[in-house]
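Colleague: Just need the structure, nothing else, for what follows:
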Amino acid sequence: MEPESPFRLLFRTWSSSSAGTNSRRGFLSGDQNRREIGLFEIAKIFENHNNLHNRIPTCFISTTEDSIRALKYAIDLAVQGASGIHISVVRSNEYPCGKEVAAEVSSVLFSINESLFKTEFLFLFEIAPADILHVVSFETLVRNGLLNKLKVLEPTTWVDEYEDDTLHQLPRLSAIRQQTHENNEDAWRNANEKT
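Modeller: Sure, this is the predicted structure:
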């Protein structure tokens with residue numbers, strides 16, 4: 001049996017308003033002051049990175065190994081009116097796990113729920129062009145029927161969850177996963193009833 005590859009397939013969802021420099025040719029973090037970073041500074045940077053409303057550039061570039069999370073984020077950006085939404089597929093063996101960084105930060109500065117970062121992988125300063133396998137625009141995914149094939153990701157599927165008929169961001173990832181599970185169970189049951 002071959003040893004497990006140290007490489008991971010990761011996904012980066014980004015738009016024209018994402019921090020740093022984002023393109024099909026690579027990614028640069030918003031903070032380009034390349035330097036050795038000690039644990040205390042990492043903790044302060046991670047605290048900013050952890051704040052979704054933060055506008056201070058950090059040296060981290062976020063990716064996830066969870067393709068559904070990447071798609072959900074792209075849909076939420078579209079509902080918010082963002083433009084230039086893309087998902088990049090990245091293959092690399094040089095990334096710290098967000099959960100591990102959160103654990104280190106918790107030991108130094110503040111307590112943080114490490115499980116929130118279990119599928120996040122962080123790059124320091126850049127993702128090299130050689131690590132980018134593919135980039136697809138969200139517009140292309142929609143045009144090719146992604147939301148028709150994965151109804152659970154279609155925002156109109158969830159309109160009943162809200163008091164008005166306007167489109168909202170998708171519900172929590174756990175609700176999407178639960179609905180996907182139920183849909184799969186129903187499809188399996190229906191297929192078995194026909195045989």
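Colleague: Let me see the residues that make contact with the helix-or-strand element of the chain with minimal mean pLDDT.
Modeller: The helix or strand of the chain with the poorest confidence is helix 98-108; it has a mean of 76 (mean pLDDT, DSSP states H and E). The contact list for helix 98-108, computed with CB atoms under 8 Å, 6 or more residues apart in numbering, reads 39-40, 42-43, 46-47, 62, 112-122. C-beta here means a position set from N, CA and C on the backbone, and glycine is covered the same way.
Colleague: Please flag which of those sit within helices.
Modeller: Among the contacts of helix 98-108, the members found in helices (DSSP state H) are 39, 40, 42, 43, 46, 47.
Colleague: Distance to residue 191 added to the residues you listed, as TSV?
Modeller: Formatted as TSV, those follow (distance: CB to CB, whole Å):
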residue	distance to residue 191
39	53
40	56
42	50
43	51
46	46
47	49
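Colleague: thinking again about what came up before, buried only: go through the contacts of helix 98-108 for me.
Modeller: Buried subset of the contacts of helix 98-108 (neighbour count, 16 or more other CB atoms under 10 Å): 42, 43, 46, 62, 112, 114, 117, 119, 120, 121, 122.
Colleague: Show the contacting residues for the first one.
Modeller: Residues counted as contacts of residue 42 (CB under 8 Å, 6+ apart) are 101, 104, 105.
Colleague: out of those, who's nearest residue 172?
Modeller: Nearest to residue 172 among these is residue 101, at 22.7 Å by CB to CB.
Colleague: count of residues packed around that closest one?
Modeller: 23 (other CB atoms under 10 Å).
Colleague: May I see the buried residues of the host helix or strand of residue 148?
Modeller: Assigned by DSSP states H and E, residue 148 belongs to helix 146-149. If you call a residue buried by 16+ other CB under 10 Å, then helix 146-149 has these buried ones: 146, 147.
Colleague: same check, this time on stretch 99-110
Modeller: 99, 101, 102, 105.
Colleague: Which of the helices or strands spans the residue most central in space within the chain?
Modeller: Using CA atoms, centre = their mean, the residue of the chain that lies closest to the mean C-alpha position is residue 70, 3.9 Å off. Assigned by DSSP H and E, residue 70 belongs to helix 67-79.
Colleague: Go ahead and measure how far the next helix or strand after that helix is from the middle of the chain.
Modeller: Once the chain leaves helix 67-79, the next helix or strand it forms, by DSSP H and E, is strand 86-92. Mean-position distance between strand 86-92 and its chain equals 10 Å (CA atoms, centre = their mean, to the nearest Å).
Colleague: do stretch 33-42 as well
Modeller: Taking the mean of its C-alpha atoms, stretch 33-42 sits 24 Å from the chain's own mean (CA atoms, centre = their mean).
Colleague: cool, and stretch 136-144?
Modeller: 17 Å.
Colleague: picking up where we left off before, just the CA atoms of the least confident helix or strand of the chain, as PDB, please.
Modeller: Backbone C-alpha positions of helix 98-108 (Å, rounded to 0.1, in the frame of the first residue of the first chain) are rendered in PDB as follows:
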ATOM      1  CA  GLY A  98      -6.600  26.500  10.300                       C
ATOM      2  CA  LYS A  99      -7.600  24.300  13.100                       C
ATOM      3  CA  GLU A 100      -3.900  23.800  14.100                       C
ATOM      4  CA  VAL A 101      -3.200  27.600  13.900                       C
ATOM      5  CA  ALA A 102      -6.300  28.200  16.000                       C
ATOM      6  CA  ALA A 103      -5.000  25.800  18.700                       C
ATOM      7  CA  GLU A 104      -1.600  27.600  18.800                       C
ATOM      8  CA  VAL A 105      -3.300  31.000  18.900                       C
ATOM      9  CA  SER A 106      -5.600  29.800  21.800                       C
ATOM     10  CA  SER A 107      -2.500  28.900  23.800                       C
ATOM     11  CA  VAL A 108      -1.100  32.400  23.400                       C
END
